[in-house]
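> sequence below, structure please.
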Amino acid sequence: GRCRNANRSDTPPVYKKKGIPMRKVILDVDTGTDDAIAVMVAIQAPELEVVGLCSVHGNADVAYTTINTMRAAFAAGGAEIPVYPGAACPMVKGLYAQRRPLVEEPILAGKTVIDGVEVSINPNLLPLPDRPKEAEKKAAALFYVDFLRTAKKKVTLVLTGTMTNLALALTIEPEITRSIEEIVIMGGGIQKRNITAAAEANFFKDPEAASIVLNCGAPITVVTLDATHSSSQTKAHEEKIRSIGTAAAVFTANDIHVRRESYNRLQPLERKNTAPIHDALCVAYLVNPSVVVRSEEACCDVDCSDGICEGALLWDTRYFHGKANVKLILQADADILCDTLAEIFREGGAK
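Take a look at the predicted model:
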């Protein structure tokens, strides 16, 4: 496996292909299959140095997302990358009776068997081997505070689940933003939503946390559902990635396969036989910004009410709007996304 990600020296490692320092990243994930892909891509990308992984509630209970995060890291060669268990519930939402009933999520259910492996979109446990190294004892929010307080180089945070961990850390120590280079978030939607008619799931499941993060003052990029849907993957993309043959590539291809089947059946998209792999786009953006077709500097917040718009991403499009606090990624290129993942898996599998 790669040991590079455990490097904490003052001199950043160099990405030899381009002769530039690697970007230090922390991933905060509710793993989930597309979170697992994001973890694998980040670990195998020569441009990135993964210094920590945090789990959080979301796609499943945090006990499961922690195990799945460790399994995904191990499958990609990250046997020694520390995994910090995160928050088990939202900051505020669960405290009020009127907000406790869960909106029935449009679950993309169903399973399929590919080469003898049973695959589904978000099983409690991913079909990957366990990692010998256990999770860390320190909670994810405290890891953020301790690590970012003392970081000598700025760190990029990639949040692909609920934002509870980072919001808690920012509440404890707002000054940690000084050590943050960029926060890349998978969440929200302008024309696209999923869990309700108004909201995307990551924002809906902890709106207060999302609002705290969006308004923390650090540079923020939001990879919206609009972008992930616009870069949905096809059967040709699936086959291209599968042909690489590594564990990470095959896992990704299998996920694209079952997602295409499930979206066709339960949540049809504009382009039939395609499916988004939401969280992977966040990492692809860091490695290859040309994957972005359209973005906007925007003044954004999150609806934290208990009404019909709870968790909605609010974009102030008035001429006299407030100061832009977010870079919204609204459209991405499916072919460039596929090519970026394929190149990373090819290079990562050769290590």
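> all strands for the stretch 1-150 of the chain, in order.
14-15, 20-21, 23-29, 48-55, 83-84, 111-114, 117-120 (DSSP state E, counting those that start in this stretch).
> kindly report the same for the stretch 201-350 of the chain.
220-223, 292-302, 313-316, 326-332.
> buried deepest among these, which one?
With neighbours taken as mean count of other Cβ atoms under 10 Å, the strands of the stretch 201-350 of the chain reach their highest mean count in strand 220-223, at a mean of 26. C-betas here are computed from N, CA, C, even on glycine.
> does anything pack onto it? Which helices or strands?
strand 180-186, helix 207-214, helix 278-287, strand 326-332 (3 or more Cβ pairs under 8 Å, 6 or more residues apart in numbering; DSSP states H and E).
> and it, average pLDDT?
Mean per-residue pLDDT for strand 220-223: 98.
> tell me which residues are up against that strand.
With Cβ atoms under 8 Å, 6 or more residues apart in numbering as the test, strand 220-223 has contacts from 182-188, 213-214, 278, 281-282, 285, 300, 313, 325-329, 332.
> for it, the distance to its chain's centre please.
Strand 220-223 has its average C-alpha position 11 Å from the chain's average C-alpha position, going by Cα atoms, centre = their mean, to the nearest Å.
> cool, stretch 34-44 as well?
Averaging C-alpha positions (Cα atoms, centre = their mean) puts stretch 34-44 9 Å from its chain's average.
> quick thing: my sequence starts at 46, can you match it?
Taking 46 as the first residue, the last one we looked at is stretch 79-89.
> any low-confidence regions in the stretch 46-195 of the chain?
46-66, 145-166 (pLDDT under 70).
> the helices in it, which residues?
For the stretch 46-195 of the chain, the helices defined by DSSP state H, counting those that start in this stretch occupy 78-89, 107-120, 185-195.
> the ones you listed: which one's closest to M136?
helix 185-195 (10.4 Å; Cβ to Cβ).
> of all the residues in the closest one, which ones are buried?
185-190, 192-193 (16 or more other Cβ atoms under 10 Å).
> would JSON lines of those with distance to R363 be doable?
Listed next are the buried residues of helix 185-195 as JSON lines, based on distance: Cβ to Cβ, whole Å:
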{"residue": "A185", "distance to R363": "37"}
{"residue": "A186", "distance to R363": "35"}
{"residue": "L187", "distance to R363": "40"}
{"residue": "F188", "distance to R363": "39"}
{"residue": "Y189", "distance to R363": "34"}
{"residue": "V190", "distance to R363": "36"}
{"residue": "F192", "distance to R363": "38"}
{"residue": "L193", "distance to R363": "34"}
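> which single one of those residues is nearest to A212?
For these, the nearest to A212 is A186 (8.4 Å; Cβ to Cβ).
> if I look at that closest one, how far off is R144?
Separation of A186 from R144 (Cβ to Cβ, to the nearest Å): 22 Å.
> next one: V200
33 Å.
> between those two, which one's more packed in?
V200 (21 against 16; other Cβ atoms under 10 Å).
> so for that one, what's the nearest residue that isn't a sequence neighbour?
Spatially, and ignoring its direct neighbours in sequence, V200 is nearest to K69 (4.7 Å; Cβ to Cβ, 6 or more residues apart in numbering).
> and the one you found, how far is that from K198?
In terms of Cβ to Cβ, K69 sits 6 Å off from K198.
> right, and D106 touches A133 too?
Yes: at 7.1 Å, D106 and A133 qualify as touching, with contact defined as Cβ atoms under 8 Å.
> return the residues in contact with Y141.
D351 are the contacts of Y141 under Cβ under 8 Å, 6+ apart.
> right, I mislabeled it, should have said I286
Neighbouring residues of I286 by Cβ under 8 Å, 6+ apart: 294, 297-298, 301, 383, 386-387, 390.
> list buried residues within these.
For these, a neighbour count by 16+ other Cβ under 10 Å gives the buried set as 294, 297-298, 301, 383, 386-387, 390.
> please, which helix or strand holds I235?
Per DSSP states H and E: I235 is located in neither a helix nor a strand.
> give the burial count for the residue nearest to it when sequence neighbours are not counted, as a bare number.
Residue nearest to I235 in three dimensions, not counting chain neighbours: D271, with 5.3 Å by Cβ to Cβ, 6+ apart. Neighbourhood size, D271 [other Cβ under 10 Å]: 21.
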